[in-house]
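Asker: Quick one: sequence plus predicted model below, questions after.
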Protein chains: 2
Amino acid sequence: MNTSEFRRRGKEMVDYVANYMEGIEGRQVYPDVEPGYLRPLIPDSAPQEPDTFEDIINDIEKIIMPGVTHWHSPYFFAYFPTASSYPAMLADMLCGAIGCIGFSWAASPACTELETVMMDWLGKMLELPKAFLTENAGEGGGVIQGSASEATLVALLAARTKAIHRLQAASPELTQAAIMEKLVAYSSDQAHSSVERAGLIGGVKLKAIPSDGNFAMRASALQEALERDRAAGLIPFFVSSAALVAPGNKEDMWLHVDAAYAGSAFICPEFRHLLNGVEFADSFNFNPHKWLLVNFDCSAMWVKKRSDLTGAFRLDPTYLKHSHQDSGKLFRSLKMWFVFRMYGVKGLQAYIRKHVQLSHEFESLVLQDPRFEICAEVTLGLVCFRLKGSNKVNEALLQRINSAKKIHLVPCHLRDKFVLRFAICSRTVESAHVQRAWEHIKELAADVLQAERE
Amino acid sequence: MNTSEFRRRGKEMVDYVANYMEGIEGRQVYPDVEPGYLRPLIPDSAPQEPDTFEDIINDIEKIIMPGVTHWHSPYFFAYFPTASSYPAMLADMLCGAIGCIGFSWAASPACTELETVMMDWLGKMLELPKAFLTENAGEGGGVIQGSASEATLVALLAARTKAIHRLQAASPELTQAAIMEKLVAYSSDQAHSSVERAGLIGGVKLKAIPSDGNFAMRASALQEALERDRAAGLIPFFVSSAALVAPGNKEDMWLHVDAAYAGSAFICPEFRHLLNGVEFADSFNFNPHKWLLVNFDCSAMWVKKRSDLTGAFRLDPTYLKHSHQDSGKLFRSLKMWFVFRMYGVKGLQAYIRKHVQLSHEFESLVLQDPRFEICAEVTLGLVCFRLKGSNKVNEALLQRINSAKKIHLVPCHLRDKFVLRFAICSRTVESAHVQRAWEHIKELAADVLQAERE
């Protein structure tokens, strides 16, 4: 494909994308296909001679779209939002064209520098403590990661390296393995399984700390665990928490705060208090690619000491000259730049507030129906609800909802309860969609309750 | 930005991208900026009110482009190629619009299924042993990773889990830490530092094995190391190698073959022999995002037993229902599908052959000049060369090349020698560019040698 054909096909693709977005409400949010549907529809090996672009674009509707779960449909209320906005898509087109791999300053100065400045912009939007910013030549700074899981792993490994160095400095006879055997990381029992996986990868123990009524880690429970483990000769070194805890003997512990979804809301003054205490953290992370209109992937991580990261990964400068270098990253900060500028802070705040308002609207609909209950405080864009009654009846309700495929939800377990999650996800979801979704849920609930009585 | 504005701006961006690609040869390949250039050019915080698209697009040329290293310029011969093609860019636009996070089949069936089939297509292009393919319901299969480093880490962690399980099954009293202390991984002394980093993350020893005259791991040296380490009570469990080695006591070792750059060439029958022996490997990886026209990121990894990966990461099915799930992946296989179909296997082979031919053309130019020497056999798209003489004179030559900024190269060290690397990178590089680059290098070499004599 030469450049003039790209001009033509690129514009056709822009229209295809625009049509997809405009028509997404008319598509069934969850597909009808069964596992294995795709393989029989396409050849079993690549063609020797080129196919035409027309063939491919036709196959999108014939082969791909029938198997797509439409995450950006206004009837998608499952999982969490994943960001999508036109400014980010435009930035991605430019990013693909520049196509630099920014593993060092020289590999593309603009890539490295814009990322640093955008992380400062974003940090200021959140009113992060100055210690996390790069400007004014402090020790802290931000970096874009691929996901919150990656950020958690990076933080845990940095903490592990720091703990090993500290203990070996005090007792040079200790081997790394002898220390690792005693290291313990902690997270809330409601925490992201990514913490569990980070512990597994890092080869350290991970302990779950009981959470309180709002499913946040209980500070007293953490304190008890720390005392018990220290008495048993173990070495607490890392806490990952969604809410803020400032454990007693903080000095030897790395505190990582993971606000993957909620973090975007902290750009609104009325939600900023949820981040209070971040000044005690060593690292903080959230995902603009969830709720801040910056398309995947863009997970924002800040640390108080940049040298903790470079120390852990032993990024020798000569490495950066190495011919086999490949662990690169694209020019991801362009997406932040386009989105922040084309929405403005006020536009982004308005977007967050609209979603929060829609979740409260759904909450009040649930509360008006005595058959239902709300299962956790609604603070941002997520409503956890269920039919009063058994898990079985709620499982049956969810199954009906997802079989009808008019809307899409996923469940979660809160303690022993099977709970339905209604997450405000799509950029284009409006009150009318929420109302329609609730009418639909009520009808199916009536069927389920009727079936149960029979 | 609403959809109709996106239609307009998207098309303008297509033209901007096309103009950038068409004019890239006229841009200076390496920028003039100094570290810190960008921050003073932009505000120190995000705007409260939206900026216009015109403001942003104007800033691209004013602020971004002056700091870009143009990886797709035909005068870029540094590092390694990073793939760029129009079909992949079109696929990326679609991928951004669908914007699904494919962490489970249900999260987007087409995403999961197309990836599986595309990895089979690609495996067949390489004539990988059937054991690595998913079709015919075998135990093996391919998965897209973000980079070769990530693939190496995944393989090392899977091998570690397997080794720990095996040893604990035989001796239940052994702790994980006691085993990890004895585990040893091996790689060539010329290997990617990513292996070193994987060892560091995984908390296991890594030993470098001396390489032979072609900078590949010497099988006899590996065998000696294995015997010596086993005699010392250590437990060899993992070998990462670019070339193929089939160690004696293979049964207890995981063999990972990393052909990050070279792998793309194996779609040509005349280069496939370089992959002979892959049948002994447990995992194999290469980067279509380097040399197979599939834009970053797309690193292709195959394993003989898919369950080794799921076992290592304990991917419990209930995890996939978990509300905090975020370690997703985009619809990256769309890029493979577009590229494989729009080039066809023959088109891809022709592309590889053109690059290899250009590197041989450069090699023969170097060989015609008695002041220069070739430092390693030229097999694919990379020529390692230097002025006969001291490292100092070669450092001076490289410095002149990169200060002149007509072409861009990076060096490497082969044993004690400072060597210049001439890598065929750009999709649009032609014989004329190589010839011009050589004339330029010769002129600067004459200056350097003249300066040395004075």
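Answerer: Yep, it's here.
Asker: and stretch A:93-100, what's its mean pLDDT?
Answerer: For stretch A:93-100, mean pLDDT is 94.
Asker: does any part of that stretch sit near chain B?
Answerer: Yes - residues of stretch A:93-100 contacting chain B under CB under 8 Å from any CB of the partner chain: A:93-94, A:96-100. C-betas here are computed from N, CA, C, even on glycine.
Asker: Do a quick rundown of the helices in the stretch 51-200 of chain A.
Answerer: Assigned by DSSP state H, counting those that start in this stretch, the helices in the stretch 51-200 of chain A fall at A:53-59, A:86-98, A:109-125, A:148-170, A:176-180, A:193-202.
Asker: tell me which strands and helices the third one is in contact with?
Answerer: Right, helix A:109-125. Applying 3 or more CB pairs under 8 Å, 6 or more residues apart in numbering or on different chains; DSSP states H and E, we find helix A:109-125 packed against strand A:141-145, strand A:299-303, helix A:333-367.
Asker: between the first one and strand A:299-303, how big is the angle?
Answerer: This means strand A:141-145. If you take axes from the mean of the first three to the mean of the last three CA atoms, to 10 degrees, strand A:141-145 sits at 150 degrees to strand A:299-303.
Asker: got the contact list for strand A:141-145?
Answerer: Strand A:141-145 is contacted by residues A:115-116, A:119-120, A:122-123, A:132-134, A:151, A:154, A:285, A:298-303, A:306, A:309, A:329, A:332-333 when judged by CB atoms under 8 Å, 6 or more residues apart in numbering or on different chains.
Asker: Quick check: closest non-adjacent residue to A:M21.
Answerer: B:T3 (5.7 Å; CB to CB, 6 or more residues apart in numbering or on different chains).
Asker: If you could redo that for A:K346, that was the one I meant.
Answerer: Excluding the flanking residues, the one nearest A:K346 by CB to CB, 6+ apart is B:Q48, at 5.4 Å.
Asker: got any ranges where the stretch 201-350 of chain A has weak pLDDT?
Answerer: By pLDDT under 70, the low-scoring segments of the stretch 201-350 of chain A are A:213-216, A:243-251, A:311-328.
Asker: mind listing the strands for it?
Answerer: A:205-209, A:235-241, A:254-258, A:283-286, A:299-303 (DSSP state E, counting those that start in this stretch).
Asker: Out of those, flag the one nearest chain B.
Answerer: Chain B sits nearest to strand A:299-303 of all the strands of the stretch 201-350 of chain A, at 8.0 Å, using CB to the nearest CB.
Asker: buried residues in stretch A:444-453?
Answerer: By 16 or more other CB atoms under 10 Å in any protein chain shown, the buried positions in stretch A:444-453 come out as A:444-445, A:448-449.
Asker: now swap in stretch A:337-344 and tell me
Answerer: Under the neighbour-count criterion of 16+ other CB under 10 Å, stretch A:337-344 has A:337-344 buried.
Asker: in stretch A:367-380, what counts as buried?
Answerer: A:372-376, A:378, A:380.
Asker: And stretch A:219-230, by the same measure?
Answerer: Residues of stretch A:219-230 classed as buried: A:219, A:221-222, A:225-226, A:229 (neighbour count, 16+ other CB under 10 Å).
Asker: Using CSV, please lay out those residues together with distance to B:V195.
Answerer: Converted to CSV, the buried residues of stretch A:219-230 look like this (distance: CB to CB, whole Å):
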residue, distance to B:V195
A:A219, 41
A:A221, 40
A:L222, 37
A:A225, 36
A:L226, 36
A:D229, 34
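Asker: hmm, which two among the residues you listed are most spread apart?
Answerer: A:A219 and A:D229 (15.7 Å; CB to CB).
Asker: How about A:D92, nearest residue that isn't a chain neighbour?
Answerer: B:G96 (5.2 Å).
Asker: Over to A:V117?
Answerer: Leaving aside its chain neighbours, A:V117 sits nearest to B:R39 (5.5 Å; criterion: CB to CB, 6+ apart).
Asker: related to what we said a few turns ago, from the buried residues of stretch A:337-344, which is closest to B:R453?
Answerer: The closest of those, once distances to B:R453 are taken by CB to CB, is A:W337, at 50.4 Å.
Asker: quick one: the closest one and chain B, what's the gap?
Answerer: Look at A:W337 and chain B: by CB to the nearest CB, to the nearest Å, they are 8 Å apart.
Asker: Correct me if wrong: that residue contacts A:A91.
Answerer: Yes - judged on CB atoms under 8 Å, A:W337 makes contact with A:A91 at a distance of 7.0 Å.
Asker: what about stretch A:203-215 and chain B, any contact?
Answerer: Yes - using CB under 8 Å from any CB, stretch A:203-215 reaches chain B at A:G203.
Asker: Now tell me what touches that stretch from outside.
Answerer: A:156, A:160, A:180, A:183-191, A:195-196, A:198-200, A:217-218, A:221-222, A:225, A:229, A:234, A:237-238, A:243, A:376-377, A:414, B:176-177, B:180, B:202-203.
Asker: Restricted to buried residues, select those residues in PyMOL.
Answerer: A single PyMOL command suffices to select whichever of these are buried according to 16+ other CB under 10 Å:
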select buried, (chain A and resi 156+160+180+183+184+185+186+187+188+190+191+195+196+198+199+200+217+218+221+222+225+229+234+237+238+243+376+414) or (chain B and resi 176+177+180+202+203)
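Asker: quick one on the thing from earlier: for A:K62, which of the strands of the stretch 201-350 of chain A is the nearest?
Answerer: strand A:299-303 (34.5 Å).
Asker: ok now the closest one, how far from the chain's centre?
Answerer: Chain-centre distance of strand A:299-303: 12 Å, with CA atoms, centre = their mean, to the nearest Å.
Asker: That strand vs strand A:254-258, what angle?
Answerer: Between strand A:299-303 and strand A:254-258, the angle comes out at 150 degrees (the same axes, to 10 degrees).
Asker: Please name the residues that touch A:T152.
Answerer: Contact partners of A:T152, counting by CB under 8 Å, 6+ apart, are A:192, A:194-195, A:198, A:240, A:256, A:258, A:285.
Asker: Then A:C100?
Answerer: A:C100 sits in contact with A:107-108, A:111, A:330-331, B:68-71, B:82, where contact means CB under 8 Å, 6+ apart.
Asker: let's see 10 Å
Answerer: A:107-112, A:328-331, B:68-72, B:76, B:82, B:296 (CB atoms under 10 Å, 6 or more residues apart in numbering or on different chains).
Asker: Next: A:P74.
Answerer: A:24-25, A:29, A:407, A:424-430, A:432-434, A:436-437.
Asker: and with 6 Å instead?
Answerer: Counting by CB atoms under 6 Å, 6 or more residues apart in numbering or on different chains, A:P74 makes contact with A:25, A:426, A:428-429, A:433.
Asker: Let me see the domain layout of chain A.
Answerer: A:3-81, A:100-330 (the TED database).
Asker: Off-centre distance for the longest one?
Answerer: What it means is domain A:100-330. Put simply, domain A:100-330 sits 14 Å off its chain's centre (CA atoms, centre = their mean).
Asker: What is the end-to-end distance of it?
Answerer: By CA to CA, to the nearest Å, the extent of domain A:100-330 from end to end equals 6 Å.
Asker: Residue ranges in the stretch 1-150 of chain A under the pLDDT threshold?
Answerer: The stretch 1-150 of chain A contains no residues with pLDDT under 70.
Asker: let's see 90
Answerer: Where the stretch 1-150 of chain A drops to pLDDT under 90, the residues are A:101-107, A:135-139, A:145-150.
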